[in-house]
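Peer 1: Have a look; sequence and predicted model below, questions after that.
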Amino acid sequence: MNPIELSHIPFAAIGAGLSAIGAGIGIGLLWAFGLQSMARQPELLPKIQVSMFIGAALVEGVALFALVICFLQR
Amino acid sequence: MLDHEPSSQELVSDFINEHVLNHSPNGHTWNLPFLHVSALDWLRYDWVMLGVAIVVTVALAALAARRHRPTPTGISNAFEAFVVFVRDSIAIANLGEEEGQRMTSYFCSLFLFILTLNILGLVPFCSSATGNVGVTCAMALMFLILAVGMAIVRRGVLGFLSSFVPHGAPLVLMPILVPIEVISLLIRAIALMVRLFANMLAGHIVILAMLGLVVMFGYLTFLPVIAVAVALVLFEVFVAIFQAYIFTLLSAIFIGLMLNTEH
């Protein structure tokens, strides 16, 4: 294809959407295992909750790296 | 600027760009709402918001310290609960007893400062200074200087350099492992900076894009769009508090990792 014809495809938005897939999978797995462990040992609930939030922030940080690069392209 | 009638999509993207530029160095100057005092034309949004955050943090701490009675009541009580929370779960849990006791004032002020800056973004006529990557870069630089400085003070320069050499790894792999360890420290600081900045900026952009749907699709989409925008603003409040907590907690954890004497 002629490269000029591709200018209407929003590659930045596609990249941002793809990075959201990774974030969704990561946070979903994290909370799944966290909920399972909270159900097994309810007395460790505060510690597990704090660890889950920290993990969620780290995973979202990675997804937001990709988002920032998509901002830079536009 | 445009030589044709701007389409609705261009209107929306111009509107979003103009609001986003408030966060950047070339952004609009700040002035009083509904007035225009030309003497204030050199002020920028970020500086004003940073000044307000400094004033609010110092005033809150001073107010809580002044009304100190043997059993604290009111604002002293709330502030004391907050400081005890920061000291026990953030400072002492990650830095040990005496270091945690000394560093708890730094973490308290960092938490309140970032919290004020984040929440100011949701107030009308204000913007969040943490949506400017320079502000978060300065905070991440402060964390980096603290981590390196405290590690050097506690373990000496040689001890600090030896913390990059993982224990018990074969010598052949050293040229690969040591640069990876150094880069991981820098990446932690950069991640702190980008996480806070992108969370604040993306929240604002999503709300503005939702409101832009009304411009693009006509006035009948008004009610659902406003409902979703209100829900997003409420979510932004949670994100503001959470990101302030995560910045403080992660900087405490990473400083604790640098101070470890196990390697």
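Peer 2: Happy to help now that I have it. Numbers count the residues shown, from 1 in each chain, chains lettered A, B, ... in the order given.

Peer 1: per-residue pLDDT, the most centrally placed residue in chain A?
Peer 2: Nearest to the geometric centre of chain A sits A:Ala23, at 1.6 Å (CA atoms, centre = their mean). As summarised for this prediction, A:Ala23 has a pLDDT of 91.

Peer 1: Counting neighbours, which bits of the helix or strand containing it end up buried?
Peer 2: According to DSSP states H and E, A:Ala23 maps onto helix A:11-40. Residues A:Ala16, A:Ser19, A:Ala23, A:Gly26, A:Ile27, A:Leu30, A:Gly34, A:Ser37, A:Met38 are the ones in helix A:11-40 that count as buried (16 or more other CB atoms under 10 Å in any protein chain shown). Where C-beta positions appear, they are placed from N, C-alpha and C, glycine not excepted.

Peer 1: Closest one to B:Leu115 out of these, please.
Peer 2: Among the buried residues of helix A:11-40, A:Ile27 lies closest to B:Leu115 (CB to CB), at 23.2 Å.

Peer 1: counting contacts, what elements does the helix holding A:Ala23 pack onto?
Peer 2: If you count contacts as 3 or more CB pairs under 8 Å, 6 or more residues apart in numbering or on different chains; DSSP states H and E, helix A:11-40 packs onto helix A:45-73.

Peer 1: okay, the angle between the helix it packs on and helix A:11-40?
Peer 2: Counting by axes from the mean of the first three to the mean of the last three CA atoms, to 10 degrees, helix A:45-73 lies at 180 degrees to helix A:11-40.

Peer 1: can you give me how far helix A:45-73 is from the chain middle?
Peer 2: Mean-position distance between helix A:45-73 and its chain equals 6 Å (CA atoms, centre = their mean, to the nearest Å).

Peer 1: Show me which of the buried residues of helix A:11-40 is closest to B:Ser7.
Peer 2: Lowest distance from B:Ser7 to the buried residues of helix A:11-40 (CB to CB) belongs to A:Ala16, with 22.2 Å.

Peer 1: what residues are up against the closest residue in space to the closest one that isn't next to it in sequence?
Peer 2: Closest residue to A:Ala16 in three dimensions, ignoring its sequence neighbours and counting by CB to CB, 6 or more residues apart in numbering or on different chains: A:Cys70, at 4.3 Å. A:Cys70 is in contact with A:Ala12, A:Ala13, A:Gly15, A:Ala16, A:Ser19, counting by CB atoms under 8 Å, 6 or more residues apart in numbering or on different chains.

Peer 1: can you put those in CSV and add pLDDT and distance to B:Ser184?
Peer 2: CSV is the format used below for the contacts of A:Cys70 (pLDDT from 0 to 100; distance: CB to CB, whole Å):
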residue, pLDDT, distance to B:Ser184
A:Ala12, 83, 28
A:Ala13, 84, 31
A:Gly15, 87, 25
A:Ala16, 86, 26
A:Ser19, 89, 21
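
Peer 1: May I see the residues you listed organised as a markdown table, with distance to B:Thr57 added?
Peer 2: Formatted as a markdown table, those follow (distance: CB to CB, whole Å):
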| residue | distance to B:Thr57 |
| --- | --- |
| A:Ala12 | 37 |
| A:Ala13 | 38 |
| A:Gly15 | 38 |
| A:Ala16 | 34 |
| A:Ser19 | 34 |
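
Peer 1: Give me the neighbour count for residue 56.
Peer 2: By default, I'm working from chain A. As a burial measure, A:Ala56 scores 18 neighbours (other CB atoms under 10 Å in any protein chain shown).

Peer 1: hm, I was asking about chain B
Peer 2: 17.

Peer 1: okay, it: pLDDT?
Peer 2: Reading off the confidence values, B:Val56 has pLDDT 93.

Peer 1: same question, B:Ala62
Peer 2: In this model, B:Ala62 is scored at 88, pLDDT.

Peer 1: how close does it get to B:Ile205?
Peer 2: Separation of B:Ala62 from B:Ile205 (CB to CB, to the nearest Å): 36 Å.

Peer 1: swap in B:Val20?
Peer 2: Distance from B:Val20 to B:Ile205, counting by CB to CB: 7 Å.

Peer 1: Likewise for B:Val228?
Peer 2: B:Val228 is 14 Å from B:Ile205, by CB to CB.

Peer 1: Tell me which of the two has more neighbours.
Peer 2: Applying other CB under 10 Å to B:Val228 and B:Ile205 shows that B:Ile205 carries more neighbours, namely 18 against 15.

Peer 1: Surely the more buried one forms part of a helix?
Peer 2: Yes: read with DSSP: H, G, I helix; E, B strand; the rest coil, B:Ile205 is one of the residues of a helix.

Peer 1: what's the closest non-adjacent residue to the residue in the stretch 1-150 of chain B positioned nearest to chain A?
Peer 2: Going by CB to the nearest CB, chain A is nearest to B:Ser89 of the stretch 1-150 of chain B, at 7.4 Å. Closest residue in space to B:Ser89, ignoring its immediate chain neighbours: A:Val50 at 7.4 Å, by CB to CB, 6+ apart.

Peer 1: cool, B:Phe143 as well?
Peer 2: Here the residue nearest B:Phe143, using CB to CB, 6+ apart, is B:Ser251, at 4.6 Å.

Peer 1: now for whichever strand or helix holds that neighbour, which elements pack on it?
Peer 2: Assigning secondary structure by DSSP H and E places B:Ser251 in helix B:222-259. Here helix B:222-259 touches helix A:45-73, helix B:93-95, helix B:97-120, helix B:133-162, helix B:174-217, going by 3+ CB pairs under 8 Å, 6+ apart.
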